[in-house]
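> any chance you can model this:
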Amino acid sequence: MERQMVIFELESEKFGVEIACVEGIVKLQEITRVPNSPDFIEGITSLRGTVLPVMDLAKRFGMEAIKRSGESRIVVILFGGQKIGLVVSSVSEVVTFDDSIIEPPPPLVSSINTEYISGIARFEEKLIILLNLENVLTY
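You can find the predicted model right below:
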């Protein structure tokens, strides 16, 4: 079965999410902090008249916060009927590949907790970490 994935980066690592879960990709904009929220929740922002919670995906994975640049983006995810923005270093492309190139995540070799990973795709000489959005977005 073929999958279409949106590929983005956190520092130098490539990640992918199903395009069906991506509602949009927007430039980084002003984010308002919310008191007493988890440290990986950057806060909220207004997007087309909707208040959107925003998560720093690197912090969620226990990595250092995203270094903001002109390439930084908010990937708007629609999951479980709710929208959430994920701050990423950059968004690079949309790719289509077959399930046959996906391998299970190897235990104990990732800087990211493997519960957040649904698989690893070998695509055009690149390794793409495929995210398990249910675990990433549940906190």
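> any idea of the mean pLDDT for stretch 70-77?
For stretch 70-77, mean pLDDT rounds to 96.
> contacts for that stretch?
Contacts with stretch 70-77, where a contact means C-beta atoms under 8 Å, 6 or more residues apart in numbering, come from 6, 8, 17, 21-29, 45, 47, 52, 54, 66, 83-91, 133, 137. Heads up, the C-betas are built off the backbone N, CA and C, glycines and all.
> try 10 Å
6, 8-9, 15, 17-18, 21-29, 31, 42, 45, 47-48, 50, 52, 54-55, 57, 66, 83-92, 131, 133, 136-137 (C-beta atoms under 10 Å, 6 or more residues apart in numbering).
> do you know how far Ala121 is from Gly16?
Computed as C-beta to C-beta, to the nearest Å, the Ala121 to Gly16 distance reads 7 Å.
> the contacts of stretch 70-77, buried ones only, as a PyMOL selection?
To isolate the buried members of the contacts of stretch 70-77 in PyMOL, using 16 or more other C-beta atoms under 10 Å:
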select buried, resi 6+8+9+15+17+18+21+22+23+28+31+42+45+47+52+54+55+57+66+83+84+85+86+87+88+89+91+131+133+136+137
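> tell me which of the contacts of stretch 70-77 fall in strands.
Those of these mapping onto strands are 6, 8-9, 15, 17-18, 22-27, 42, 45, 47, 50, 52, 54-55, 83-88, 90-92, 131, per DSSP state E.
> below-threshold pLDDT in the chain: ranges please.
Under the criterion pLDDT under 70, the flagged ranges of the chain are 108-113.
> wait, isn't Asp99 in contact with Phe123?
No. Asp99 is beyond contact range of Phe123, at 11.9 Å (criterion: C-beta atoms under 10 Å).
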